[in-house]
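>>> Return atomic coordinates for the entry below.
(chains A, B, C, D, E and F)
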Amino acid sequence: MTTKQFMFVNRKAPYGTIYAWESLEVVLIAAAFEQDVSMAFLDDGVYQLKKGHQTKGIEVKAFEKTFGALEDYDVTKIYVDQESLTERGLTTDDLALPVEVFSRAELGKLMEEQDVVLSF
Amino acid sequence: MTTKQFMFVNRKAPYGTIYAWESLEVVLIAAAFEQDVSMAFLDDGVYQLKKGHQTKGIEVKAFEKTFGALEDYDVTKIYVDQESLTERGLTTDDLALPVEVFSRAELGKLMEEQDVVLSF
Amino acid sequence: MLHIINKSPYDRPAFYSALKTGEGAILLIEDGVYAAAKGGVAEAKLKAATDKFKFYALTADLEARGIADRVVDGVTLVNYAGFVDLVAEYKTNQSWL
Amino acid sequence: MLHIINKSPYDRPAFYSALKTGEGAILLIEDGVYAAAKGGVAEAKLKAATDKFKFYALTADLEARGIADRVVDGVTLVNYAGFVDLVAEYKTNQSWL
Amino acid sequence: MKFAILVNEGPYTHQASDTAFNFAKAVLAQGHEIFRVFFYHDGVNNATRLTTPPQDDRNIVDRWSKLAKTSELDMVVCVAAAQRRGIVDDGEMKRNGKDATNLAPGFRISGLGQLVEAGIQADRLVVFGD
Amino acid sequence: MKFAILVNEGPYTHQASDTAFNFAKAVLAQGHEIFRVFFYHDGVNNATRLTTPPQDDRNIVDRWSKLAKTSELDMVVCVAAAQRRGIVDDGEMKRNGKDATNLAPGFRISGLGQLVEAGIQADRLVVFGD
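Numbers count the residues shown, from 1 in each chain, chains lettered A, B, ... in the order given. Sure thing, here's the model as predicted:
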């Protein structure tokens, strides 16, 4: 099969809407199709990676565990925007999985190299 | 029937979403129920009042005419936030109907006096 | 009056818009609870408004987002019962959608 | 690359976020066209970025919102066919939802 | 005290329906009354009995239906919003020449007047949306 | 050139489906090919045949169905998203023990793999959403 570069751009907070969760389902499928998958988190999307989700009180399924499964699917290119972290008072220590931190301009260059950019 | 003060707070741009239009439907019903109805427009909601909607190109029904019908329903309390207009480069000359312009703090006082505030 | 905010201050103007209306109580729910998290740009805005507003945040939404342990001082945590009590306490409420 | 923006710059950070990525083309559609309206706070931000980005706006969306007659200089108007041509022209596109 | 609740978004996509549901349960647990729950905009999509959410997830439609039954809630779906989005009961099916219904138990379809009436009759109306 | 289109919002509430439809027509008018239109998130709600919009408004579902027919479009609805939101065809009705279907003509329900495949096979994929 043809292999393409798929980037998933996540700019929305988790739980307030389902986009983060349903987006993750596409990521796993793209990985199963052996595509060259990367994920970029910017703006409120960085909150998806914040560790310690306890969703029992809102009775919504937590998906933090699924982030842990990304490595099993060989999804290891997890890019995070530095400015978005800083604006929200977050550092990489707050995040649930290892990431690479980039400036917005560097992320722009990575986006430009993609074949397909899916944003949710 | 009991008469209550109903304020409809409109903070969303028209056409990108249906909220403005479906909100207007509630306003007309509340007026038909002879309630004391007012409408407040702030943030992107002020764009709803911008005159000259030509929606043929997007094939969506325009609702500018319905604003014209508000007076027939005795809905004459149309409040607009000055700061929201200024931020967007709009003046009352740009608007499709006569309005009263208030500061955000004055609008806050008007909200406070209401029995029911419906926001869309 | 009671202002209910369910939007992140980093994604929508709802929180800052409500702050400009003057005074009363602000309840942060859903993605609105990010305004109550320490360390972000929103923290200073919230703190500067504590003389005019009482601030509340829904615990279940803070926990879901992993920020219950970093709530700005001066924000009172409430559960859904507390949410109901706040609505009952104030004659008028408004959701800033 | 082509950045497609469908959100008002006054309601969401999408437009300003896209501007920070560097360079290319930006197509404004739906509520995104408000970024192309003269006189607003967004005008200066758009103008300051014209050395890095080519700006386009969808005519049908400008007309629907009554702002087709006040488009900032330097923004090229396109119809849906022009939208298709832009997508075809750039190898990569991204919708800033 | 008498509460009314307005739900403006559909199930799963936005948290609005979840928050409204948890709020409704708390209203009843606090000994208050719920005059009506009104579903408007995409909120009408909470009223379809055709959903099959994943087994490890909450069933949003079912739990509204159950709460309506156990607490005798009046849950009203706006007819105009329902027509735009395809929520149909027997009457609507006949009137609009459709070949199926999808309204879940405990919901009824009626006009926007029911929302205004809820605003008039209830001591408090709370809006949940996007 | 081969295009693919992803629609992430339902009819009427957001403009996404309108814009996607006008874009799709323009793609075809320009002589390009549409490999697939994929409906995800609330976008699956474009695929219910039970809507009855006001007579002076556009019929979003019908015009997608008609475009599928006249232009032989492959319009795919994500099965997982459809189950959460209550979009059902005959197969889903039987599998999930439902008593009705609501899928409109021209749409088919399938997996997310169809979206990834569209990304691989098409020269361009354009996303319409909120």
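>>> can we go C-alpha only for contacts and neighbour counts from here?
Fine.
>>> residues in contact with the closest residue in space to C:Val71 that isn't next to it in sequence?
In space, and not counting its chain neighbours, C:Val71 is closest to C:Ala37: 4.9 Å by C-alpha to C-alpha, 6 or more residues apart in numbering or on different chains. C:Ala37 makes contact with C:43, C:67, C:70-72, according to C-alpha atoms under 8 Å, 6 or more residues apart in numbering or on different chains.
>>> again with C:Leu2
Neighbour list for C:Leu2: C:24-27, C:86-87, C:90, C:92-94 [criterion: C-alpha under 8 Å, 6+ apart].
>>> Can you classify A:Gly52 by secondary structure?
Secondary structure for A:Gly52, judged by DSSP: H, G, I helix; E, B strand; the rest coil, is coil.
>>> Filter the contacts of C:Ala37 down to the buried ones.
Among those, those buried by neighbour count (16 or more other C-alpha atoms under 10 Å in any protein chain shown) are C:43, C:67, C:71-72.
>>> Generate a PyMOL selection restricted to the buried subset of the contacts of C:Leu2.
The following PyMOL line selects those of these that are buried, judged by 16+ other C-alpha under 10 Å:
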select buried, chain C and resi 24+25+26+27+86+87+92+93+94
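>>> between the contacts of C:Leu2, which is closest to chain F?
Using C-alpha to the nearest C-alpha, C:Gln94 comes nearest to chain F of those, at 21.8 Å.
>>> Confirm that that closest one sits in a strand.
Yes: assessed by three-state DSSP, C:Gln94 belongs to a strand.
>>> Do I have it right that it meets C:His3?
Yes: applying C-alpha atoms under 8 Å as the test, C:Gln94 and C:His3 come out as touching, 5.1 Å apart.
>>> sec struct for the residue of chain E most remote from its centre, please.
Largest separation from the mean C-alpha position in chain E: E:Gly97, at 23.9 Å (C-alpha atoms, centre = their mean). Of the three states, E:Gly97 takes coil under three-state DSSP.
>>> That one and F:Thr52: what is the separation?
In this view, E:Gly97 and F:Thr52 are 9 Å apart by C-alpha to C-alpha, to the nearest Å.
>>> re the thing from before, ok, so of the contacts of C:Ala37, who is nearest chain B?
So of the contacts of C:Ala37, ranked by how close each gets to chain B (C-alpha to the nearest C-alpha), first place is C:Glu43, at 21.7 Å.
>>> Could you tell me how far the closest one is located from C:Tyr56?
14 Å.
>>> just A:Asn10 next, same as before
Computed as C-alpha to C-alpha, the A:Asn10 to C:Tyr56 distance reads 29 Å.
>>> before we move on, what about E:Phe39?
For E:Phe39 relative to C:Tyr56 (C-alpha to C-alpha), the value is 27 Å.
>>> These two: which is more packed in?
E:Phe39 (30 against 23; other C-alpha atoms under 10 Å in any protein chain shown).
>>> Does the more buried one touch E:Ala80 like I think?
No: with contacts counted by C-alpha under 8 Å, E:Phe39 stays clear of E:Ala80, the gap being 11.1 Å.
>>> Show me where chain A has its helices.
A:19-32, A:64-69, A:82-87, A:104-112 (DSSP state H).
>>> Dump the last one to PDB, keeping only the CA atoms.
Spelled out, that is helix A:104-112. Written as PDB, here are the backbone C-alpha positions of helix A:104-112 (Å, rounded to 0.1, in the frame of the first residue of the first chain):
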ATOM      1  CA  ARG A 104       4.800  27.500  16.200                       C
ATOM      2  CA  ALA A 105       7.000  28.300  13.200                       C
ATOM      3  CA  GLU A 106       8.700  24.900  13.400                       C
ATOM      4  CA  LEU A 107       5.300  23.200  13.600                       C
ATOM      5  CA  GLY A 108       4.300  25.100  10.500                       C
ATOM      6  CA  LYS A 109       7.200  23.700   8.700                       C
ATOM      7  CA  LEU A 110       6.300  20.100   9.800                       C
ATOM      8  CA  MET A 111       2.700  20.700   8.600                       C
ATOM      9  CA  GLU A 112       3.900  21.900   5.300                       C
END
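>>> ok, which residues in chain A are in contact with chain E?
Within reach of chain E by C-alpha under 8 Å from any C-alpha of the partner chain, chain A has these residues: A:15-19, A:58-61.
>>> same thing but at 10 Å, please
Within chain A, the positions near chain E by C-alpha under 10 Å from any C-alpha of the partner chain are A:15-19, A:21-22, A:57-62.
>>> Any chance of a PyMOL selection covering the buried ones in the residues you listed?
Typed into PyMOL, the line below selects the buried ones among these, using 16+ other C-alpha under 10 Å:
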select buried, chain A and resi 15+16+17+18+19+21+22+57+58+60+61+62
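>>> So which residues make contact with the helix or strand of chain A at the bottom of the mean pLDDT ranking?
Lowest by mean pLDDT, DSSP states H and E among the helices and strands of chain A is helix A:64-69, with a mean of 88. For helix A:64-69, contacts defined as C-alpha atoms under 10 Å, 6 or more residues apart in numbering or on different chains pick out A:21, A:24-25, A:28, A:48-54, A:75, A:96-98.
>>> how many neighbours does E:Pro54 have?
Other residues lying near E:Pro54 total 11 when counted by other C-alpha under 10 Å.
>>> so what's the backbone phi/psi at the closest residue to it other than its chain neighbours?
Sequence neighbours aside, F:Arg84 is the residue nearest to E:Pro54 in space, at 7.5 Å (criterion: C-alpha to C-alpha, 6+ apart). For F:Arg84, the backbone dihedrals are phi -60, psi -30 (criterion: degrees, to the nearest 10).
>>> what separates F:Arg84 from chain A, distance-wise?
Look at F:Arg84 and chain A: by C-alpha to the nearest C-alpha, to the nearest Å, they are 11 Å apart.
>>> which of the buried ones among the contacts of C:Ala37 sit farthest apart?
Comparing every pair within these by C-alpha to C-alpha identifies C:Glu43 and C:Ile67 as the most remote, at 13.3 Å.
>>> Quickly list what's touching both of the two.
Common neighbours of C:Glu43 and C:Ile67 (C-alpha under 10 Å, 6+ apart) are C:34, C:36-37.
>>> quick one on the thing from earlier: restrict the contacts of C:Leu2 to those near chain A?
Okay, of the contacts of C:Leu2, nothing touches chain A (C-alpha under 10 Å from any C-alpha).
>>> Give the residues shared as contacts by C:Gln94 and C:His3.
C:18, C:26, C:87.
>>> Distance to chain F and pLDDT added to those residues, as a markdown table?
Below are the shared contacts of C:Gln94 and C:His3 laid out as a markdown table (distance: C-alpha to the nearest C-alpha, whole Å; pLDDT from 0 to 100):
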| residue | distance to chain F | pLDDT |
| --- | --- | --- |
| C:Ala18 | 23 | 97 |
| C:Ile26 | 27 | 98 |
| C:Val87 | 28 | 98 |
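>>> now, which of those lie within strands?
Taking DSSP state E, the ones among the shared contacts of C:Gln94 and C:His3 that sit in strands are C:Ile26.
>>> which of the shared contacts of C:Gln94 and C:His3 are close to chain B?
C:Ala18.
>>> would a markdown table of the shared contacts of C:Gln94 and C:His3 with distance to B:Glu83 be doable?
Converted to a markdown table, these look like this (distance: C-alpha to C-alpha, whole Å):
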| residue | distance to B:Glu83 |
| --- | --- |
| C:Ala18 | 13 |
| C:Ile26 | 21 |
| C:Val87 | 29 |
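>>> Closest to chain A out of the shared contacts of C:Gln94 and C:His3?
Closest to chain A, out of all of these and judged by C-alpha to the nearest C-alpha, is C:Ile26, at 18.2 Å.
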